[in-house]
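Asker: Need coordinates for the following:
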Amino acid sequence: MKLDRQRIDRWLWHARLVRTRGAAVELAGSGYVRVNGTRVAAASRQVRTGDIVTVALDRAVRVLKVTGFVERRGPAGSTASLYEDLT
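Answerer: Numbering: from 1, shown residues only. Below you'll find the model as predicted:
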């Protein structure tokens with residue numbers, strides 16, 4: 001099954017931007033995440049390939065272009081296929 005979209009909290013967790021899924025839910029709901037310039041209000045917000053995700057994390061802002069999705073969280077080296085860093 002090929003994914004064409006995914007919840008923002010799952011994508012943040014799979015991309016290893018946060019350590020736990022709970023932290024991803026909290027980050028997405030806190031207002032520190034934007035998708036295509038629009039502030040994310042809920043962790044259930046869907047992202048699609050090509051979306052630009054802006055994350056304010058650890059006193060730094062990262063701008064990432066979504067390039068893919070995975071079903072399960074894999075090793076740290078596998079995150080390269082999920083986004084392109086535009087920062």
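
Asker: Quick one: neighbours of L86, just the number.
Answerer: L86: 11 surrounding residues under other Cβ atoms under 10 Å. Every C-beta, even on glycine, is put in place using the N, C-alpha and C of the backbone.

Asker: Can you name the element that comes right after the longest helix along the chain?
Answerer: The single longest helix within the chain, with elements called by DSSP state H, is helix 21-29. Next helix or strand after helix 21-29 toward the C-terminus (DSSP states H and E): strand 33-35.

Asker: related to what we said a few turns ago, which elements pack onto the longest helix of the chain?
Answerer: helix 8-14 (3 or more Cβ pairs under 8 Å, 6 or more residues apart in numbering; DSSP states H and E).

Asker: Just the residues contacting the helix it packs on, thanks.
Answerer: Here helix 8-14 makes contact (Cβ atoms under 8 Å, 6 or more residues apart in numbering) with 6, 18, 20-21, 23-25, 27-28, 33, 35, 40, 43-47, 53, 55, 66, 69-70, 72-74, 79, 82.

Asker: Alpha carbons only: can I get it in PDB?
Answerer: Listed next in PDB are the C-alpha coordinates belonging to helix 8-14 (Å, rounded to 0.1, in the frame of the first residue of the first chain):
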ATOM      1  CA  ILE A   8       1.400  15.400  10.900                       C
ATOM      2  CA  ASP A   9       2.200  13.800  14.300                       C
ATOM      3  CA  ARG A  10       3.000  10.400  12.800                       C
ATOM      4  CA  TRP A  11       5.100  12.000  10.100                       C
ATOM      5  CA  LEU A  12       7.100  14.100  12.600                       C
ATOM      6  CA  TRP A  13       7.700  10.900  14.700                       C
ATOM      7  CA  HIS A  14       8.700   8.800  11.700                       C
END
